[in-house]
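# everything below, folded, please.
(chains A and B)
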Protein chains: 2
Amino acid sequence: MWKAIINMPSKQPKSLFLNDKNLCLTTDLYQLTMIAGYFECEKNHKSTFELFVRNLPEKRTYLIAAGLEQAIHYLRELRFTDEYLKYLRGLPVFKNVSRGFFDYLRNFRFSGDVYAVPEGTVIFANEPIIRITASLIEAQIIETYLLSIINYQTLIASKASRVVHASGGREVIDFGTRRAHGPQAGVLAARACFIGGCAGTSNVLAAYELGIPPIGTAAHSWVMAYDDEYESYEDFHKVFPDNTILLIDTYDTIKGARLATKIGKKLKGVRLDSGNITLLSKRVRKILDDAGLGHVKITASGDLNEYKISQMLDKGACIDSFGVGTEMVTSKDIPALGGVYKLVEQEKEGISMPKMKFSKDKSTCPAKKQGYRFLNNKGMFRKDIIGLVDEEFDGKALLLPVMKKGKLLHKIPTVQQIQKTARKNISKLPDRFKALNCKTAYPVTISKELRQIRDRTIRSRLY
Amino acid sequence: MWKAIINMPSKQPKSLFLNDKNLCLTTDLYQLTMIAGYFECEKNHKSTFELFVRNLPEKRTYLIAAGLEQAIHYLRELRFTDEYLKYLRGLPVFKNVSRGFFDYLRNFRFSGDVYAVPEGTVIFANEPIIRITASLIEAQIIETYLLSIINYQTLIASKASRVVHASGGREVIDFGTRRAHGPQAGVLAARACFIGGCAGTSNVLAAYELGIPPIGTAAHSWVMAYDDEYESYEDFHKVFPDNTILLIDTYDTIKGARLATKIGKKLKGVRLDSGNITLLSKRVRKILDDAGLGHVKITASGDLNEYKISQMLDKGACIDSFGVGTEMVTSKDIPALGGVYKLVEQEKEGISMPKMKFSKDKSTCPAKKQGYRFLNNKGMFRKDIIGLVDEEFDGKALLLPVMKKGKLLHKIPTVQQIQKTARKNISKLPDRFKALNCKTAYPVTISKELRQIRDRTIRSRLY
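Here you go, the predicted structure:
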């Protein structure tokens, strides 16, 4: 068996990286067959699609919109270069498609209008997160990428927000890169976790690209590389005198804590990564305090999530910050967000036609929509109404214009600004919707006018 | 609130793509602080690390190793360029680190030895998947990236293998890109799913890069873009006469099936995506057969997984192929693989020192190890023994040499060849370990010599 594997034809190992050029293939084949069909059948009417989540996943009472910046990058950079066009033309499925279609792709630029809720905004089921109006071909081809980028970052920002909330003001750091779904997911997760309220990330590329504080000190291998545990602490302190955070559980947490105190006043922190962390944190706190090291912080890590953190704090764990990895960057309890992107309206000969899908349990709501958010007299979120785009409400409109005819209308906020938006949003969401065991749904209703259009569309079946 | 978001400092939207240059930052900060520490403290002994999975996740009875090709790409390309070195030098944590360290990084090339199980190999808990022997710094810096790439692809290849097995010979197609954890995860998932036995992918970039068959026809929006459902079918058939696979559930599956038959003999397939698919598939099969279209295939999709597929087939569903997305590319029931990378041995002054970690529930097994696989007289996998690297066994060694002093020893197999390896491996794994409800673990034991070394290490605490 092995022999067969070793004697293979030559091939350079592939990175499978994305880049601005291969973006055009980062999609599902059926988007390309459909647009070829639309092109050949001259079905390129002005169309509106909306990206939204049908139902909040179980255990999620709100979502934090995230990923728009990467979506905008995609819309601005999407091109079809000759190398990839040649590949597409050679696929058997396209053999009856005219040369004109590939010429169209060669000149392709996204030139549609984009409305979106700003990243960091709290959103709920069925509220449009992005609304695209463009020619049918332009609006269709972008579906897969938009979903992939918005689904993941929204999933993770929402999860991180829960973890941060459970930590009750203590810092949460993203430690998840090694368990994220590949290296790029690690970077996207770091961004989304920061939006969700994390204080930093272990991912250096995310730190570099986004200005997120990079956090990290040492792993078990540092201690194991030495024959003597204390010698490993001393050496670490020598090189990082102002950042001496020691991992003390390699052999025995309590012994490790006692050894760590020998570093003295300059010791900055210790990290616990295994065992009964609640219990150990109390004992370690006492050891540190008894040694006059009340300022030394205790960090906990090791398969943490919002439930465990909440329990640990309820039981009086002495922890100052949490390093959270796997559970946060994979949103382990709910590892996928079912965002969808659906045609809701088309213009034909100047007339707008609402469009809907009737598939069982998957029917959609027609017409261009807008989410309106109503606040109570204390400025807290009270209810949302999903209405038509031109309805007049006292509520705040959630979707804002982002691109007009393919041009970006506004500057892109930094993740620091987005984090602030998220924090403000979360502070306005009543506490009962943030409780981990929350069973009540935030009230979101459909406006009377929208309901009428939906009912009319169903009755007329003018789909 | 919106105003604050819109008036932001100018910034181009970031792609957050990886590339050969920024690979050096695609790691956890603590890898960089640790190697700086090793450099400054002259602790750069020859060291061996092993990458393995401590416990098989619940509901997994075997894993399929995947991701080695991207790991090799990383090891060959990893460099530290001036742009990134400048960033690192500027981080406060490195302020006491000498210039020599950054000069070292500027000249960094991975020059270690790599052993790995070939991609597509069936593996079990605690069996080394990759073993790296290099200077401590070289072996340490690569941890995060290797884990991220191997954890994800192995997770997905293993999940896909279960889905393919449940499908009992029917084709399974990866439809998951939109729900994968970001766009690169979609490409990596397509690769891993193919290794696990899928017949194709909807992801065009994966198809292009790896030669996987790209699969896809049309979505609901195709049907919705027309006022008349049958007109949408006719137009699709006109453009794709040899690939007319129609999605028939947009309004009513049964009506859709009847309309589809009007296409006639050239109709290739229909796809069901909602409702009670088992029941509908039987009714649709009858409609097709009654119309003399016995050759027309029925594809099912819509939140499928190995359990649902198995149940549908048990109930006699008339389905020829399955499109599987979310559940497969996120491995939704088990969305993370806890692979770890641990120091197991160091050489000091020519003497090999076994290394182990004692942390509660996370202790490791010291010494350079090798997995040995024993077959029964029918050529089926019988048991594995994890032993020392130089033990003599009748069993087949699982780890093979891949790189020597940083140079690739063999050609990289194609994914088609890797898929064959996986298929061969799976065919040799007794059926009882492939059952979805399997409760017995495949027998993996530790050799007597390895146990002695571990016990000796524990006793001597020569860590």
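# name the helix or strand for the most centrally placed residue in chain A, please.
Central residue of chain A (C-alpha atoms, centre = their mean): A:Gln153, 1.1 Å from the mean position. In the assignment (DSSP states H and E), A:Gln153 maps to helix A:143-166.
# please save the CA atoms from that helix in PDB.
Only the C-alpha atoms of helix A:143-166 are listed here, as PDB (Å, rounded to 0.1, in the frame of the first residue of the first chain):
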ATOM      1  CA  GLU A 143     -24.300  34.300  -3.200                       C
ATOM      2  CA  THR A 144     -21.900  31.600  -2.100                       C
ATOM      3  CA  TYR A 145     -19.000  33.800  -1.000                       C
ATOM      4  CA  LEU A 146     -21.300  36.300   0.800                       C
ATOM      5  CA  LEU A 147     -22.900  33.400   2.700                       C
ATOM      6  CA  SER A 148     -19.600  31.800   3.600                       C
ATOM      7  CA  ILE A 149     -18.100  35.000   5.000                       C
ATOM      8  CA  ILE A 150     -21.200  36.300   6.700                       C
ATOM      9  CA  ASN A 151     -22.400  33.000   8.100                       C
ATOM     10  CA  TYR A 152     -19.100  32.200   9.800                       C
ATOM     11  CA  GLN A 153     -18.200  35.600  11.200                       C
ATOM     12  CA  THR A 154     -21.700  36.200  12.500                       C
ATOM     13  CA  LEU A 155     -21.700  32.800  14.000                       C
ATOM     14  CA  ILE A 156     -18.500  33.400  15.900                       C
ATOM     15  CA  ALA A 157     -19.100  37.000  16.900                       C
ATOM     16  CA  SER A 158     -22.400  35.800  18.400                       C
ATOM     17  CA  LYS A 159     -20.800  33.000  20.300                       C
ATOM     18  CA  ALA A 160     -18.000  35.200  21.500                       C
ATOM     19  CA  SER A 161     -20.500  37.700  22.800                       C
ATOM     20  CA  ARG A 162     -22.000  35.000  24.900                       C
ATOM     21  CA  VAL A 163     -18.600  33.900  26.300                       C
ATOM     22  CA  VAL A 164     -17.700  37.500  27.100                       C
ATOM     23  CA  HIS A 165     -21.100  38.100  28.700                       C
ATOM     24  CA  ALA A 166     -20.600  35.000  30.900                       C
END
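# what are the contacting residues of the helix or strand following that helix?
Using DSSP H and E, the helix or strand that follows helix A:143-166 towards the C-terminus is strand A:171-174. Contacts made with strand A:171-174 from outside it, assessed by C-beta atoms under 8 Å, 6 or more residues apart in numbering or on different chains, are listed as A:160, A:163-164, A:189-190, A:193-194, A:197-203, A:215, A:299, A:320-325, A:328-329. Just so you know, the C-beta spots here come from the backbone N, C-alpha and C atoms, and that holds for glycine as well.
# relative to chain B, how far out is the residue lying closest to A:Ala441 once chain neighbours are set aside?
Excluding its sequence neighbours, the residue lying closest to A:Ala441 (C-beta to C-beta, 6 or more residues apart in numbering or on different chains) is A:Thr61, at 7.0 Å. According to C-beta to the nearest C-beta, to the nearest Å, A:Thr61 stands 21 Å off from chain B.
# doesn't A:Thr61 lie inside a strand?
No - the assignment for A:Thr61, made by DSSP: H, G, I helix; E, B strand; the rest coil, is coil rather than a strand.
# what about it, neighbour count?
A:Thr61 has 22 neighbours, counted by other C-beta atoms under 10 Å in any protein chain shown.
# what pLDDT does it get?
Here, the pLDDT recorded for A:Thr61 equals 97.
# residue contacts, it?
A:Phe433, A:Lys434, A:Cys438, A:Thr440, A:Ala441, A:Tyr442.
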